[in-house]
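> predicted model, plus sequence, below.
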Amino acid sequence: MHVAALSGLMDVVAAQPDPSIQLTSRAALQLRGLPDPLTPWIRDAIRATGLVPSATHELVRNVVASPLSGLDDAGQCDLRPVVRDLDAALCADPGLAQLGGRFLFVLDDGRGDVIRESFDLGLFATEPGRCLVLAGGLTRGWEAPLDDAVPLILSLAREFVSRSAGDESVWHVKELAPPIGPEPATAITLRSAPERPLGRVGDHAVVAVPLGLLRPEHVAALTQVTDRVIVTPWRSLVVEDGARALPPLEAAGLVTHAGSPWTRLHACTGLPGCTRSALDTRALARDLAPSLPAGTLPVHVSGCERRCGTPATAYVDVLAPRSTADALSTIAEQEPPWT
């Protein structure tokens with residue numbers, strides 16, 4: 001996406017007390033605290049970014065792809081054209097607007113970075129020009145030329161819409177019985193997941209965003225060093241042609257090295273955005289970061305027992321701490337970590 005689009009979104013939230021753009025686990029952008037209904041100015045400003053090409057299909061444009069595909073040599077192919085083709089074909093089919101906002105497409109270029117996400121329909125590149133199209137997980141797939149992948153994925157999506165129509169208990173492909181797609185199907189065997197890069201990657205850079213919240217100073221720094229960024233599902237951005245710009249990006253508060261506490265520190269929305277919360281979790285996390293002890297597990301600060309936004313893996317649970325000292329005490333006491 002163009003960095004100018006991020007600037008346009010930041011203009012939309014600029015009047016808020018703590019303006020930010022949230023990065024989601026589906027590599028999407030979320031604006032919180034907007035009026036309901038949206039004002040005409042906000043609608044026009046969002047439309048002007050070019051990020052919402054279809055009002056009817058916006059909720060179902062949930063496509064996660066290998067963020068570095070085509071930018072390094074770790075994948076089997078460049079999936080960027082496939083992503084564009086899938087998005088365009090999805091938006092062009094009126095019936096697929098019925099997929100629902102929970103439905104997820106995942107496209108992995110063979111490096112194994114996103115295929116472990118909990119997806120409905122997926123693609124895994126097996127060699128240049130070849131792939132497996134997958135339905136509901138890693139155990140049900142079909143070999144296909146890469147050029148045929150989008151039509152096959154959309155055919156499976158249409159089957160899901162047809163078979164789940166009227167059944168409000170079915171949200172995902174794996175909830176259908178019998179399973180969708182032709183027989184026979186094949187499974188996929190994956191190697192261990194690759195490490196997520198941070199910092200320089202060839203001519204490009206990957207930077208983590210503290211708490212997944214893009215702030216005005218982050219966007220201002222990005223506009224000085226690149227025209228395009230790619231949102232990842234891991235609260236980070238790929239900065240195209242940004243390898244030489246790591247110092248100014250880090251100075252703006254973006255994370256460029258794996259040793260930063262912000263690679264482990266998470267928090268729910270907290271006050272004032274969530275009235276159920278007992279505290280401003282994000283403010284506490286910012287105070288906690290400089291003194292966070294070394295460790296390997298994520299640390300999640302929650303404002304109430306609902307524990308919204310917790311990591312999918314094992315994590316250290318910090319529930320409604322009264323202070324930074326209280327949070328540090330809780331972290332030190334958790335042995336073994338809460339899961």
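Cool, the structure landed.
> strands along the stretch 151-300 of the chain, start to end?
Taking DSSP state E, counting those that start in this stretch as the test, the strands found in the stretch 151-300 of the chain are 199-201, 204-208, 213-214, 229-231, 236-239, 265-267, 299-302.
> can you add mean pLDDT and give those back as TSV?
Shown next, in TSV, are the strands of the stretch 151-300 of the chain (pLDDT from 0 to 100):
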stretch	mean pLDDT
strand 199-201	97
strand 204-208	98
strand 213-214	98
strand 229-231	98
strand 236-239	99
strand 265-267	96
strand 299-302	97
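> as CSV, these with mean neighbour count and distance to residue 92 would be great.
Yep, even glycine has a C-beta here, placed from its N, CA and C like the rest. Formatted as CSV, those follow (neighbours: other Cβ atoms under 10 Å; distance: least, Cβ to Cβ, whole Å):
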stretch, mean neighbour count, distance to residue 92
strand 199-201, 16, 33
strand 204-208, 24, 31
strand 213-214, 22, 30
strand 229-231, 22, 23
strand 236-239, 25, 27
strand 265-267, 23, 37
strand 299-302, 24, 40
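> make CSV out of those strands and add distance to residue 316.
Conversion of the strands of the stretch 151-300 of the chain to CSV gives the following (distance: least, Cβ to Cβ, whole Å):
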stretch, distance to residue 316
strand 199-201, 25
strand 204-208, 18
strand 213-214, 20
strand 229-231, 26
strand 236-239, 21
strand 265-267, 10
strand 299-302, 4
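> nearest to residue 166, out of the ones you listed?
Nearest to residue 166, of all the strands of the stretch 151-300 of the chain, is strand 229-231, at 34.2 Å by Cβ to Cβ.
> how distant is the closest one from the center of its chain?
Distance of strand 229-231 from the chain centroid (Cα atoms, centre = their mean, to the nearest Å) equals 10 Å.
> go on, stretch 323-332?
29 Å.
> just the mean pLDDT for it, thanks.
The predicted model gives stretch 323-332 an average pLDDT of 95.
> what's the neighbour count on residue 334?
Applying other Cβ atoms under 10 Å, we find 16 residues neighbouring residue 334.
> in the sheet, who's paired with the residue nearest to it when sequence neighbours are not counted?
Distances taken as Cβ to Cβ, 6 or more residues apart in numbering place residue 316 nearest to residue 334, at 5.3 Å, with adjacent residues excluded. Taking DSSP bridges as the rule, residue 316 bridges to residue 299.
> quick one: closest of the strands of the stretch 151-300 of the chain to residue 71.
That would be strand 204-208 among the strands of the stretch 151-300 of the chain, by Cβ to Cβ, at 5.4 Å.
> circling back: of the strands of the stretch 151-300 of the chain, which is nearest residue 62?
The nearest among those, by Cβ to Cβ, is strand 229-231 at 12.5 Å.
> which strands and helices lie in contact with that closest one?
strand 236-239 (3 or more Cβ pairs under 8 Å, 6 or more residues apart in numbering; DSSP states H and E).
> for the strand it packs on, packing partners?
strand 204-208, helix 216-225, strand 229-231.
> run the chain-centre distance for that strand.
11 Å.
> which residues are contacting it?
23, 67-68, 71, 196, 198, 201, 204-209, 222, 225-226, 229-232, 245, 249, 254-255 (Cβ atoms under 8 Å, 6 or more residues apart in numbering).
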